[in-house]
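Chemist: coordinates for the following, if possible.
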Amino acid sequence: MFTNLLLADSINEPVTQEEIEAAEATLDVTLPDDFLAFLKRSNGGYVNYNKRAFPVDFSIESGDIFIEVEEIKGLDAEGILQSEYLVEEWDLPQNLLLFSGSGHAWVGFNYDGRDIPNIVYAEPDEGDGNNFHVLADTFTEFVQKLDDPEKYIEE
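Modeler: Just a heads-up that it's a prediction; the model follows:
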């Protein structure tokens, strides 16, 4: 399922069980099984060019009809372990673990009131509340919906 998701030259070393346990203890969550399966293949990396578009039917800041997913972050200081800081810095809803995005648009696991998180899109508040949408029920469903951006670019 995660085969050919990442650019071959960006695949990181898989995580160990010890790294998973340490991250879950630090984050005080249980990471979803499908995300753990991904991390055991590669601790994050850059997404293949033909899999970077997540189509949406709501308005996003960029004006595109898809969310561009350039990278899926792993379990490290530059990855989901910095979520607490980023949520605070960008005034995002609490209980998010961010695995993709930057500054003005984020994709992550939503643990708000949930043991098993869903996948959400969040843009920082611009005066009228956060642009916050559920994208998928699972990480697997999210990955399966990733598509070729060229399909969504009008000529």
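Chemist: phi first, then psi, for residue 97.
Modeler: When read as degrees, to the nearest 10, the backbone of residue 97 gives phi -110, psi 110.
Chemist: make sure it is actually in contact with residue 82.
Modeler: No: the criterion here is Cβ atoms under 8 Å, and residue 97 misses it with residue 82 at 10.0 Å. C-beta here means a position set from N, CA and C on the backbone, and glycine is covered the same way.
Chemist: looking at these two, which one has more neighbours?
Modeler: Shown here are residue 97 and residue 82; by other Cβ atoms under 10 Å, residue 97 has more neighbours (23 against 14).
Chemist: residue 67 versus the more buried one, what's the distance?
Modeler: According to Cβ to Cβ, to the nearest Å, residue 97 stands 17 Å off from residue 67.
Chemist: now swap in residue 22 and tell me
Modeler: With Cβ to Cβ as the criterion, residue 22 and residue 67 are 30 Å apart.
Chemist: which one's more surrounded, those two?
Modeler: residue 67 (22 against 14).
Chemist: ok, now which ones touch the more buried one?
Modeler: 53-54, 56, 60, 105, 107, 121, 135 (Cβ atoms under 8 Å, 6 or more residues apart in numbering).
Chemist: so how do I select the buried members of these in PyMOL?
Modeler: Here is the PyMOL command that selects only those of the contacts of residue 67 that count as buried (16 or more other Cβ atoms under 10 Å):
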select buried, resi 53+54+56+60+105+107+121+135
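Chemist: could the contacts of residue 67 be laid out in TSV, adding pLDDT, secondary structure and distance to residue 30?
Modeler: Formatted as TSV, those follow (pLDDT from 0 to 100; DSSP: H, G, I helix; E, B strand; the rest coil; distance: Cβ to Cβ, whole Å):
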residue	pLDDT	secondary structure	distance to residue 30
53	96	strand	30
54	97	strand	24
56	95	coil	28
60	88	coil	30
105	91	strand	26
107	97	strand	19
121	95	strand	22
135	97	strand	20
